[in-house]
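Trainee: Requesting a structural model of the entry that follows:
(one chain, ligands or ions: 3)
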Amino acid sequence: MAGYLQETGAAARSKPVTTHMLQAMRGKGDKISMLTCYDASFATLMERAGVDTVLVGDSLGMVCQGHNSTLPVALADITYHTASVARGAGTMLVIADLPFGTYPTREEAFRNAAQLMQAGAHMIKLEGGVWLADTVKFLTERGIPVCAHIGLTPQSVHQLGGFRVQGKTSDGATQLHADALAVQQAGASLIVIEAVPAALGKEVTDRLAIPTIGIGAGPECSGQVLVMHDMLGVFPGHKSRFVRNFMEGAPSIEAALKAYVAAVKDGSFPAQEHCF
Ligand SMILES: Nc1nc(=O)c2c([nH]1)NC[C@@H]1CN(c3ccc(C(=O)N[C@@H](CCC(=O)O)C(=O)O)cc3)CN21
Ligand SMILES: CC(C)C(=O)C(=O)O
Ligand SMILES: [Mg+2]
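Mentor: Ligands and ions are numbered 1, 2, ... in the order given. You can find the predicted model right below:
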């Protein structure tokens with residue numbers, strides 16, 4: 001269901017971004033730009049700024065709904081925001097998060113992922129590694145491209161004892177490698193790596209064939225993602241080390257979005273100060 005927003009401006013690219021294109025970008029060393037997005041107007045601005053892919057993240061529980069974790073987010077919330085984003089996304093690849101508690105079995109994961117695909121997502125993101133591989137395989141075999149999210153997995157905040165950097169010990173690093181390889185083997189097309197030492201982000205990326213998207217995982221990942229409210233400086237909560245406010249020195253939101261894309265593409269973001 002196309003909306004009016006798609007017809008109101010020149011798209012930044014002529015062809016839609018696909019999983020194959022992300023793989024080709026990784027092969028060429030072209031950095032992938034990703035931002036979270038929750039509505040059609042911002043999706044349109046992001047496409048014009050040249051953003052490759054948008055994530056309808058369960059971070060919306062924190063930045064839109066005001067919760068202090070992502071746990072209260074419902075599947076219906078992500079479905080609603082995905083449909084809105086899809087109307088403004090144009091050629092961008094739309095990824096949607098499966099929220100906490102919606103993928104306890106591979107069958108439930110498929111049913112819920114299918115709902116998000118029917119709302120307009122092109123790929124589904126789930127948090128997990130080795131333990132999730134069976135579900136990743138089940139979804140990918142049934143036509144649902146999967147992005148796995150490893151490292152700091154916010155849906156496990158209470159298990160992790162807070163939003164803490166992961167992979168700092170040698171056991172932690174070994175676990176991250178095992179998680180990345182397991183989901184790749186199971187058919188994932190993309191991996192988000194959150195809050196790990198930059199050296200580990202590079203090691204895992206080098207070891208994989210598929211692209212990685214880092215958030216607090218160093219500059220050597222195949223691409224970067226930030227929460228939109230963080231990079232525009234409008235989130236009133238904690239500012240993580242990996243966040244850069246792109247509104248600083250930018251005359252408009254559009255300029256800040258363009259500055260983000262440029263900084264990801266030329267490798268100047270993240271800088272050392274944003275890394276663990
Ligand atoms: N606004 C916002 N931005 C995000 O990046 C984000 C969300 N919300 N909600 C979902 C998750 C939660 N995330 C978070 C939240 C907090 C930290 C944090 O406090 N990080 C500390 C690291 C502490 C340590 O050294 O272990 C930091 O200061 O960066 C990290 C990721 C990432 N995601
Ligand atoms: C922080 C990103 C990767 C995410 O999962 C979200 O926005 O929900
Ligand atoms: Mg998320």
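Trainee: Identify the bridge partners of the residue nearest the centre of the chain.
Mentor: The centre of the chain sits closest to L55, judged by C-alpha atoms, centre = their mean, with a distance of 5.0 Å. Beta bridges link L55 to T36, I95, judged by DSSP bridges.
Trainee: all helices for the stretch 151-276 of the chain, in order.
Mentor: 157-160, 170-185, 198-207, 228-231, 253-265 (DSSP state H, counting those that start in this stretch).
Trainee: Which other helices and strands does the second one contact?
Mentor: Helix 170-185 makes packing contacts with helix 133-141, strand 146-151, strand 190-194, helix 198-207 when contacts are defined by 3 or more C-beta pairs under 8 Å, 6 or more residues apart in numbering; DSSP states H and E. (Each C-beta comes from the backbone N, C-alpha and C, glycine too.)
Trainee: Go through it and flag the buried ones.
Mentor: A173, Q175, L176, H177, D179, A180, L181, A182, V183, Q184 (16 or more other C-beta atoms under 10 Å).
Trainee: orientation of that helix relative to helix 133-141 in degrees?
Mentor: Helix 170-185 runs at 30 degrees relative to helix 133-141, counting by axes from the mean of the first three to the mean of the last three C-alpha atoms, to 10 degrees.
Trainee: hang on, the earlier thing: what's the closest of the helices of the stretch 151-276 of the chain to ligand 2?
Mentor: Nearest to ligand 2, of all the helices of the stretch 151-276 of the chain, is helix 228-231, at 8.7 Å by C-beta to the nearest ligand atom.
Trainee: and the helices of the stretch 151-276 of the chain as CSV, adding mean pLDDT?
Mentor: Output for the helices of the stretch 151-276 of the chain, formatted as CSV (pLDDT from 0 to 100):
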stretch, mean pLDDT
helix 157-160, 98
helix 170-185, 98
helix 198-207, 98
helix 228-231, 98
helix 253-265, 98
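Trainee: Distance check, the residue nearest to the centre of the chain against T174.
Mentor: 28 Å (C-beta to C-beta, to the nearest Å).
Trainee: And D97, by the same measure?
Mentor: Taking C-beta to C-beta as the measure, D97 falls 27 Å from T174.
Trainee: again, but for A217
Mentor: Separation of A217 from T174 (C-beta to C-beta) stands at 16 Å.
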